[in-house]
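Engineer: kindly return the folded structure for what I paste below:
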Amino acid sequence: MSAVAGPGIGESLVAESRGVRFFALAGLTVAVHLAGLAVLLTTEYGPFAITLSVLAWIFVNCFLLVVLQRPGVCAALSLALIAILITLSHFKFGILQLTLTFLDFLIIDRDTFSFLLSVFPQLQMQLLMAGLVAVPLLWALWRFDPFRVRRRVALLGVAATTVLIAAMSVASPEQAWEPFQGVNHVSNLARSGVVAVSRLASTGWIEADPPANGPLSLARDAHAAGLPGLPSGEVCDATAKRPHIIMLLDESSFDVTSAPDIKVPAGYTDYFKSSDGKQRTMIAESTGGPTWYTEFNVLTGLSARSFGDLKFYITRITAGRVTRGLPHALQRCGYKTVSLYPTYGDFLSARAFQKGTGVDQFIDMAGMGVNEDMQPDKFYFDQALKVLAREQPQQSPVFMFVYLTANHFPWWNVYRPDLTPAGWTPPGNTAEVDEYIRRQAMTANDYREFTERLKRDYPDESFLVLRFGDHQPAISQKLIEPGIDQARLAKHLIAADPRYYSTYYAIDGINYQPRNLSSALETLDAAYLPLVLQEAAGLPLDPSFAEQKSIMLRCKGTFYACKKGAEARRFNRFLIDAGMIKGL
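Structural biologist: Residues are numbered from 1 along each chain as shown. As a prediction, the model looks like this:
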């Protein structure tokens, strides 16, 4: 005897099965959306940020629905995407003290992925395992999802959320300090997109005067065509005997006595003086953190401020696109150009950027045989001596760009107490400030030993050393105006108040008397240091640096701030037309 279900029973079972699947997948989709909301509520703070992040969540879902139409799959993909974005933002904040922004996706390059894998070598396997788990789950959702959303409805959702996000971002613009707080990852990302698109639509990547033949459209303004180069200028004799040149980037260093009521050891300010006995001030374009702004200034002779809100990505944007620079100028005079870079060369495309400006040998942390970027200054001085010993038989002058890192934050811990100079005693400030001054004393001690080595080991060679503080330390912001509230401080920083951007620069000769210090003004913007260095070495300026010297003299040492940016914009156009800035 056989049992065979009749047509009515079979259809009932199928309908029941469909109903169960319908409610199960509907419940799953709702659960995914609730999970997404929970993620946002635990990472966003304040009604404005929460509202903006929810709009961003709806935007992502609607955008995916335009393509896929399946709400279950789109919700799962959106949740995964938001979770990945927040994770990456936390990672970036841990490295750069800045959350994820729209430009991280607009400027995607191989160096970024290479840096990630260098820092987290296990990441590649983790991504592979995640993919092996996620792909089958998404396929199952795709296969059994019974719901469909019309593309017209999804497009309306995309349009509505875009308008609302843009309106909120314009009504309450992102403040300069907000991405440095480590919170509101999704809402900050959404607002940064509005800022970046607005910036690119108005000025392109870099501020520059329009071509001489009149204003052009955005596309042509943003991508200048190759034009005839500059005249050759005065020829530099590459066979002449030249001094070796060492440029020292002194991490976070400035004369802390510029802040009130700071106690320092006897002779503290001597370190900031040049060999001619003068103490000079350099105005940086960053404070409290981004070393690469000053790196860009001193290698290209240009202003990071010309890139406006995009300047945080200055080395990534200009890698291979800005070829005008100090290393290229020195190459025409026969110099071998070397950079000793303290971290991985893929960091913010540093290797590609510096190579583009004319650096022959780029030696990063891995090339120096270490796996930590914060080493005693003596370590980097020893690396410089190794380069000199290797290059000396070639009888060519050497230019080296050397980074010192011992004075990098934080200062609430005692770094390498074994390296404390003999006789050091805390001068009696807060523990943090005393630690900062102790590390400066360590740098001064190591620098003195380095110069003594050069004199002893190379008595027949001459050396020109230009050293400078790349920016003030973060602690200076609470020392210069004690008790200042955050709102007033932010206004000072946005207005580029020189009190917060002043460091130092000093010029020393070892077996050498600097030839011409007419460009070494008492106060000078960082972008002019390449001029100072070339003239101190007795080198003729190429036409671009000769033109920049005339700007320096007219503007009395200021660059971007001169005439509200007009001189910098004119000079940028000058370099674009000469083919030294391309594709920007």
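Engineer: enumerate the positions of stretch 156-167 that are buried.
Structural biologist: Buried positions in stretch 156-167, judged by neighbour count with 16 or more other C-beta atoms under 10 Å: 157, 158, 161, 162, 165, 166. For the C-beta atoms, the positions are set from N, CA and C on the backbone; glycine is no exception.
Engineer: which of these fall within strands?
Structural biologist: Using DSSP state E, no member of the buried residues of stretch 156-167 falls within strands.
Engineer: now, among these, which is nearest to residue 424?
Structural biologist: When the buried residues of stretch 156-167 are compared for distance to residue 424 (C-beta to C-beta), residue 165 wins out at 54.2 Å.
Engineer: how close does residue 332 get to residue 244?
Structural biologist: 17 Å (C-beta to C-beta, to the nearest Å).
Engineer: with just CA atoms, put stretch 435-445 into CSV.
Structural biologist: Taking Å, rounded to 0.1, in the frame of the first residue of the first chain, the C-alpha atoms of stretch 435-445 are listed here in CSV:
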residue,chain,number,x,y,z
GLU,A,435,60.5,64.4,29.3
TYR,A,436,60.2,66.4,26.2
ILE,A,437,63.2,68.6,27.1
ARG,A,438,65.2,65.5,28.2
ARG,A,439,64.7,64.0,24.7
GLN,A,440,65.8,67.3,23.1
ALA,A,441,68.9,67.0,25.3
MET,A,442,69.5,63.5,23.9
THR,A,443,69.2,64.8,20.4
ALA,A,444,71.6,67.6,21.0
ASN,A,445,74.1,65.2,22.6
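Engineer: what's that stretch in contact with?
Structural biologist: 250, 253, 256, 264-265, 268, 271, 376-377, 404, 406-407, 411-416, 419-421, 424, 426-427, 429, 473, 475 (C-beta atoms under 8 Å, 6 or more residues apart in numbering).
Engineer: in the chain, what secondary structure element scores lowest on mean pLDDT?
Structural biologist: The least trusted helix or strand in the chain, going by mean pLDDT, DSSP states H and E, turns out to be helix 218-222, with a mean of 33.
Engineer: out of the contacts of stretch 435-445, list just those in helices.
Structural biologist: residue 377 (DSSP state H).
Engineer: if any of the contacts of stretch 435-445 are buried, put those into a ChimeraX selection.
Structural biologist: A single ChimeraX command suffices to select whichever of the contacts of stretch 435-445 are buried according to 16+ other C-beta under 10 Å:
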select :250,253,256,264,268,271,376,377,404,406,407,411,415,419,420,429,473,475
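Engineer: and the contacts of stretch 435-445, which of them are in strands?
Structural biologist: 250, 404.
Engineer: so can I have CSV of the buried residues of stretch 156-167 showing distance to residue 319 and pLDDT?
Structural biologist: Shown next, in CSV, are the buried residues of stretch 156-167 (distance: C-beta to C-beta, whole Å; pLDDT from 0 to 100):
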residue, distance to residue 319, pLDDT
157, 37, 88
158, 33, 87
161, 34, 90
162, 31, 89
165, 30, 89
166, 30, 88
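Engineer: if you skip the residues just before and after it, what's nearest to residue 470?
Structural biologist: residue 294 (4.2 Å; C-beta to C-beta, 6 or more residues apart in numbering).
Engineer: list the contacts of residue 299.
Structural biologist: Going by C-beta under 8 Å, 6+ apart, residue 299 touches 325, 326, 327, 353, 354, 357, 359, 401, 530.
Engineer: now it: phi and psi?
Structural biologist: phi -90, psi -30 (degrees, to the nearest 10).
Engineer: pull the number of nearby residues for residue 434.
Structural biologist: 19 (other C-beta atoms under 10 Å).
Engineer: buried ones in the helix or strand harbouring it, by neighbour count?
Structural biologist: Here residue 434 sits within helix 431-457, counting by DSSP states H and E. Going by neighbour count (16+ other C-beta under 10 Å), the buried part of helix 431-457 is 432-447, 450-451, 454.
Engineer: which residues sit against the helix or strand just after that helix?
Structural biologist: Counting by DSSP H and E, the next helix or strand C-terminal to helix 431-457 is strand 463-469. The contact list for strand 463-469 (C-beta under 8 Å, 6+ apart) reads 243-254, 282, 284, 294, 298, 447, 451, 454, 503-512, 514, 526, 529, 532-533, 536-537.
Engineer: mind giving me the ChimeraX command for buried ones among those?
Structural biologist: The buried residues among these can be selected in ChimeraX (16+ other C-beta under 10 Å) with this line:
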select :243,244,245,246,247,248,249,250,251,252,253,254,282,284,294,298,447,451,454,503,504,505,506,507,508,509,510,512,514,526,529,532,533,536,537
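Engineer: which members of the contacts of strand 463-469 occur in helices, if any?
Structural biologist: 294, 298, 447, 451, 454, 529, 532, 533, 536.
Engineer: report the separation between the second one and residue 527.
Structural biologist: Spelled out, that is residue 298. Taking C-beta to C-beta, one finds residue 298 at 8 Å from residue 527.
Engineer: nearest to residue 479, of the ones in helices among the contacts of strand 463-469?
Structural biologist: Nearest to residue 479 among the ones in helices among the contacts of strand 463-469, with distances taken as C-beta to C-beta, is residue 294, at 20.2 Å.
Engineer: quick one: contacts for that closest one?
Structural biologist: Taking C-beta under 8 Å, 6+ apart as the contact definition, residue 294 lies against 249, 284, 285, 286, 468, 470, 471, 526.
Engineer: please enumerate the strands of this protein.
Structural biologist: Using DSSP E, the strands found in the chain span residues 244-250, 281-283, 336-340, 361-363, 398-404, 463-469, 505-510, 523-525.
Engineer: remind me what the second one packs against, helices and strands.
Structural biologist: Other helices and strands packing on strand 281-283, by 3 or more C-beta pairs under 8 Å, 6 or more residues apart in numbering; DSSP states H and E, are strand 523-525.
Engineer: run the chain-centre distance for the strand it packs on.
Structural biologist: 22 Å (C-alpha atoms, centre = their mean, to the nearest Å).
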